Structures are given as structure tokens and as C-alpha cells.
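In: sequence and predicted structure, then a few things I'm wondering about:
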Amino acid sequence: MIDEKNFQKVKDLFNKFEKDREQLIGISREVVRLSKQLIYAIHRDDTKQSEKFYNEINKKFADMKKLPNKNPLLSSQGSLKVAIQEYVEAIGYYEFRKTKKLPKYSDEYINVEYYLSGLCDLVGELTRKATYSSINQEFDKVLDIRVAVEKIYEHLLHFDFRNSDLRRSFDGLKYEIKKVNDLVLELQLKGKL
């Protein structure tokens with residue numbers, strides 16, 4: 001009546017998934033922590049720390065992205081989604097500050113929505129950097145950021161986001177754009193630009 005081998009097989013699969021899931025959660029936490037540290041170092045213009053965290057986060061991300069290949073059920077886990085979003089945000093910020101370019105999408109991001117969510121989050125960090133740059137009288141950086149934020153928004157307007165977290169993130173971009181535009185206007189009125 002009951003197939004003992006079947007239940008043992010299911011139990012083994014379940015236990016393997018749980019073990020892999022716990023490993024993913026641990027690595028994901030590290031990726032999120034490193035992304036926060038990288039972003040903070042960039043905000044402070046701490047090149048040495050930025051390089052250090054950039055290298056560390058790339059190593060952890062490489063470890064993390066192996067796990068869904070080993071166990072495809074992990075690709076829909078919330079911890080993976082958050083870690084990829086944070087990674088895209090941090091790496092995007094790093095690359096923008098260094099090269100004025102954004103990271104291109106690749107399959108390593110598992111899901112295009114995770115990548116897009118990271119880009120939406122990046123706009124918030126760029127807006128903060130515009131404020132810091134204004135305080136430090138680096139007005140050319142404020143203008144560069146304004147152009148980047150506008151371009152990201154312009155490209156994302158071509159997507160039809162359904163009612164989801166990504167949609168809410170996208171809708172929030174208009175407030176970030178308003179902040180940057182208000183900052184630029186204020187600087188222009190004060191004769192700084």
C-alpha cells in the first residue's frame with residue numbers, strides 16, 4: 001500500500017533542498033551585507049575600501065549563483081532575489097562611479113525582474129550621491145547623476161510592469177527624479193551650475 005522507497009526518496013530530496021536552502025540563505029546574507037558596505041564606501045569616496053568590498057562581493061556572488069545550478073528549486077527563493085537585487089544595486093553604483101556605465105544584464109542574475117529591481121534601487125543611491133556631491137561642491141557629478149537617473153527612467157518606461165514589488169519600485173523612481181531635478185534647479189538658482 002505505501003511505497004517506503006518513494007517516501008525515503010521524497011525525504012532525501014526534501015532534506016537536500018533544506019540543506020541547500022540554508023546554505024543559500026547564509027551566502028545571500030553575506031552578499032547583502034557586502035553590498036551595503038560597498039555602497040557606504042562609495043558614498044564616502046573611500047576607493048581602497050570600495051575595491052576591497054567590490055572584490056569580496058563578486059567572490060560571494062559567484063559562490064551564490066552556483067547553488068541554483070546545483071538545485072534549481074532554489075532559483076525562486078526570496079533570499080536569492082533580495083541578494084541579487086542588492087548585488088545589482090551595489091555593483092551598478094560601483095561601475096557607474098568608476099566608468100559612468102551600468103552593468104549589463106546577463107543570465108547570472110537568474111531572473112530579469114531581480115536585475116530590474118536592482119536598477120530601480122540604484123536610482124535611490126545615485127540620488128543620495130547627488131546630494132553628497134552637492135554638499136562637497138562637486139556639481140559636475142550632480143549633473144552626471146541627473147542624466148543617468150533620467151536615462152534609466154526613460155528606458156524603464158518601455159516596460160509594462162504588472163502590479164508587483166517591481167512596479168512599486170518603478171513608481172518610486174519619479175520621486176527620486178524629482179529630488180535630483182529639484183537639487184539641480186536649486187543649484188542653478190544659486191549660480192552653482
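Out: Looks like it came in fine.
In: tell me the helices and strands packed up against the longest helix along the chain.
Out: Counting residues, the longest helix in the chain under DSSP state H turns out to be helix 4-43. Where contact means 3 or more C-beta pairs under 8 Å, 6 or more residues apart in numbering; DSSP states H and E, helix 4-43 is packed against helix 47-70, helix 78-99, helix 112-135. For the C-beta atoms, the positions are set from N, CA and C on the backbone; glycine is no exception.
In: list the buried ones in it?
Out: Within helix 4-43, the residues scored as buried using 16 or more other C-beta atoms under 10 Å are 20-21, 23-24, 27-28, 30-35, 37-39, 41-43.
In: swap in stretch 128-145?
Out: 128-130, 133-134, 139, 141-145.
In: any chance of JSON lines for those, columns distance to residue 180 and pLDDT?
Out: Below are those laid out as JSON lines (distance: C-beta to C-beta, whole Å; pLDDT from 0 to 100):
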{"residue": "128", "distance to residue 180": "10", "pLDDT": "96"}
{"residue": "129", "distance to residue 180": "10", "pLDDT": "96"}
{"residue": "130", "distance to residue 180": "5", "pLDDT": "96"}
{"residue": "133", "distance to residue 180": "11", "pLDDT": "95"}
{"residue": "134", "distance to residue 180": "10", "pLDDT": "95"}
{"residue": "139", "distance to residue 180": "13", "pLDDT": "94"}
{"residue": "141", "distance to residue 180": "11", "pLDDT": "94"}
{"residue": "142", "distance to residue 180": "8", "pLDDT": "96"}
{"residue": "143", "distance to residue 180": "10", "pLDDT": "95"}
{"residue": "144", "distance to residue 180": "11", "pLDDT": "94"}
{"residue": "145", "distance to residue 180": "6", "pLDDT": "95"}
